[in-house]
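Engineer: Here is a sequence together with a model predicted from it:
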Amino acid sequence: MNYEEVMKLALERGFYFPSCEVYSDANAGFWEYGPSGVGLKNKFLELWRRELIRRDGMMEIDGSQIMSKSVFEASGHLGNFADPIIKCTKCNSTFRADRTIAEIANIEIPESADLKEFDNAIKENKIQCPKCKGDFGTTKKFNMMFKVGIGPQEEEAYLRPETCQSIFVDFPRLFKTMRGKLPLGIAQVGKSFRNEIAPRQSLLRLREFYQAEIEVFCNPGRLDEVEKFAEIENTVIRVQTDAEPISMTCKDALESGTVPNKFVAYYLGILTEFYEKTGIDVSKSRFRKLGDKEKAFYAEVAFDFEVETTIGWLELVACNYRSDYDLSSHAKMSKEKFEVMDNDEKVLPHVFEISMGIDRSLYTILEHSLKNDEEHERMVLSLKPYLSPVHVGILSLVKKDGLKEKTDEIFLNIKRKFDAFLDHSGAIGRRYRRLDEIGAPFAITVDHQTLEDNTVTIRKRDSMEQNRVDISKIDSILLESVGFP
RNA sequence: GCAGUUAUAGUACAGUCUGGUUAGUACUCGUGCUUGCCAAGUACGUGACCCGGGUUCAAAUCCCGGUAACUGCACCA
C-alpha cells in the first residue's frame, strides 16, 4: 500500500496522528502514537532486544535527553552539526554558504571556517541569489540542536540530537562496574531532537523522534577475530557499492572486500535477520555504502540500511564505523581516561554504531504489511503475530442467550496474558474487519455451541479460516502462535 | 526556508466562483430491532466549516495575516 493508505489507517485506527492538533499553533514535525502505534512500537522494541541486544550479550541503558554543553563541544555537534547559512535579503530563500560559493565562484571554503571568510568570499565575488539575483545577508550558523536553559540562570544545555552520546560518556563507568569485556555492545532506546528545516511526511522526518542505538566498542586490532561470525556467514545481505544492490552472503561480502572486516559483516548480518523478522520485505533492502561527501562528520566507513517503499528508498538505519572519534574527544574534553584493558593490551576502543530510526521502521512495517484483499473487500494489516498491537479479539456471536457472559469470562481469563480486545456490538463480520485493520492475527468467537460443549471458533486473520477448539486450549494455542520467534 | 496547491465530522468528499433558512452525502462510530460466522437490513442518535483580524445588516463563502498538510526545489548531522 502507499503512503496515503498508511496515513489513513494511522489516523483512523489510532496508530499515529499530529501532535497538539486541537491548537492552531501546533508545530510541524511532531507526531504522537495512539494505542495501536504504541502497541506496535513496544513489540518492535521487544523484538529488537531479543534479536540484537540479548543475542549479542549487550547492555542497555537509559540516559538523559538533556545533556550539558561540554558533551556537544566534545562530540563535535556544536561545531559540525551546524551549517553555514546565507539568506537572500530579497526573496528570503536560504542556501548553504559553502556550497553556493563553491558552485558559483568555484572557491572551496570548509564548512567549519570562520563566518567572515564566507562573507568576504561573497563580497569579493559578487555572489548573488541564484533564484532572484538579490543580495545575501551575512552568513549565520544554523545549528540543528535545540538549546535549553537550565535553572534560573538558564545555563546552556541541549536536547540530544542522537542518543548515543550518553553511551560514550557512560562508557568508563559501565565498563568498570558491569565487568565489561571487548567487544562490548551498549544500547539505548529513546528520543532525540533535531531542529529540521523542513520536517515532512509524518513519521519520516520528525523534529522529535525515537532512536534505538547500539554502540559496539571493540579493539581495532581484532576486527577479524569474531567467533560468532559463523552464525551469520550464510545470511544473505544486500549491499550496494555502485549502481545496483547485490545480494550476497556475509561470507562473500567479507571475502570480496565489499565489507571491510568480520566485525562489521557480523552486525550487518544480524541486523538483516532482525528486519526480516519485522515483516519488512528485505529483498527490497540494501546496505548502501556512503561516499566521503555523504558520510557524517564522525564516520570512517558508513553503510545506510535502506528499504524501498512507495515513496522511494527510506533510510532506516545508519551503520557507522566511528573509530575512536567519540571516545578520544570525550577523553580530551573531560580529562577522564577512556582506555580499557583488552587481555594484556591497553586500548582506546573503536566504535561501530547501529543507529536505528524507530519511527521510520514502524512506517515501513505498516506499508509493507498493509494489504488490500479485494476478493473479500477488506484491508488487512498482515503484521507478524508477535508485533500486532492486539493478539486476539474476543467476540460474542450475539449478545443474548448468555453468550455475552460466557465471552466476558473467557476475556477475563486471558486479558492479562495476551493483548486481547473484547467486542460484543454490531455484526460479526464488521468486527472481524476491524480486527483485520489493526493486525490482530486471531479472533475467538463464542456461539451457541460454546454453551453446550465448551468450544469456541478461532479465526485466522490472513486466511479467514476458522477452527473449533476447546476453551481449555486457547491459552496454549495463543502462547505458541503469538510468541516471539 | 522558497514556490505552487490545499484546509468543512473519525475518514473521503459536496457546498465557496455568485455572502443570506436548520451546512449536505457516503463510509465510520454509538444504541435498539432483526439476522446468527465475515463490512447485510432497519430505526434512532453523536459528530465539522484550521486559527486570528478585516469588509458587511449578514462570512464556511470575499480580503489580509498566521498555522498545518501535500508536491517540487533547497536542506537532511
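Structural biologist: Structure's in. What do you need?

Engineer: Now the one residue in the stretch 101-250 of chain A that gets nearest to RNA strand B: closest residue in space that isn't a chain neighbour?
Structural biologist: When scored by Cβ to the nearest atom of the strand, the stretch 101-250 of chain A has residue A:198 as its residue closest to RNA strand B, at 3.6 Å. All C-beta atoms are positioned from the backbone trio N, CA, C, and that covers glycine. Spatial nearest neighbour of residue A:198, chain neighbours left out: residue A:205 (7.7 Å); criterion: Cβ to Cβ, 6 or more residues apart in numbering.

Engineer: Spit out the contact partners of the one you found.
Structural biologist: The neighbours of residue A:205, taking Cβ atoms under 8 Å, 6 or more residues apart in numbering as the test, are A:29, A:196, A:198-199.

Engineer: Please repeat the previous calculation with a cut-off of 10 Å.
Structural biologist: Taking Cβ atoms under 10 Å, 6 or more residues apart in numbering as the criterion, residue A:205 is in contact with A:28-29, A:194, A:196-199, A:357, A:359-360.

Engineer: cool, and residue A:149?
Structural biologist: Counting by Cβ under 10 Å, 6+ apart, the residues that residue A:149 touches are A:155-157.

Engineer: go again using 7 Å as the cut-off
Structural biologist: Contacts were defined as Cβ atoms under 7 Å, 6 or more residues apart in numbering; by that measure residue A:149 touches residue A:155.

Engineer: In a strand, it, correct?
Structural biologist: Yes. Judged by DSSP: H, G, I helix; E, B strand; the rest coil, residue A:149 forms part of a strand.

Engineer: State the distance from the residue in the stretch 351-485 of chain A that RNA strand B sits nearest to to residue A:435.
Structural biologist: Shortest the stretch 351-485 of chain A-to-RNA strand B distance, computed as Cβ to the nearest atom of the strand: residue-wise this is residue A:429, at 2.5 Å. Taken as Cβ to Cβ, to the nearest Å, the spacing of residue A:429 relative to residue A:435 amounts to 11 Å.

Engineer: ok, residue A:139 - contacts?
Structural biologist: Counting by Cβ under 7 Å, 6+ apart, residue A:139 makes contact with A:84-86, A:97, A:115, A:118-119.

Engineer: Can you check which helix is longest in chain A?
Structural biologist: Ordering each helix of chain A by length in residues (DSSP state H) puts helix A:262-277 first.

Engineer: Give me the neighbour count for the nearest residue to residue A:419 once chain neighbours are set aside.
Structural biologist: Distances taken as Cβ to Cβ, 6+ apart place residue A:391 nearest to residue A:419, at 4.7 Å, with adjacent residues excluded. Taking other Cβ atoms under 10 Å as the neighbour definition, residue A:391 ends up with a count of 23.

Engineer: Residue A:391 reaches residue A:478, doesn't it?
Structural biologist: Yes. Contact status for residue A:391 versus residue A:478: in contact at 6.4 Å, counting by Cβ atoms under 7 Å.

Engineer: joint contacts of these two?
Structural biologist: Shared contacts of residue A:391 and residue A:478 (Cβ under 7 Å, 6+ apart): A:418, A:442.

Engineer: Run a quick neighbour tally on residue A:27.
Structural biologist: For residue A:27, the number of neighbouring residues by other Cβ under 10 Å comes to 12.

Engineer: Equivalent analysis for residue A:284, please.
Structural biologist: The criterion is other Cβ under 10 Å. On that basis, residue A:284 has 15 neighbouring residues.

Engineer: ok, what's across the strand from the nearest residue to it once chain neighbours are set aside?
Structural biologist: Leaving aside its sequence neighbours, residue A:284 sits nearest to residue A:308 (Cβ to Cβ, 6+ apart; 4.1 Å). Residues found in beta-bridge contact with residue A:308 (criterion: DSSP bridges) are residue A:313.

Engineer: ok, back up a step: settle it for me: which of residue A:429 and residue A:435 has more neighbours?
Structural biologist: With other Cβ under 10 Å as the criterion, residue A:429 and residue A:435 differ in neighbour count, and residue A:435 comes out ahead with 24 against 10.

Engineer: still on that earlier bit, by neighbours, which of the contacts of residue A:205 wins?
Structural biologist: In terms of neighbours by other Cβ under 10 Å, the contacts of residue A:205 top out with residue A:357 at 25 neighbours.
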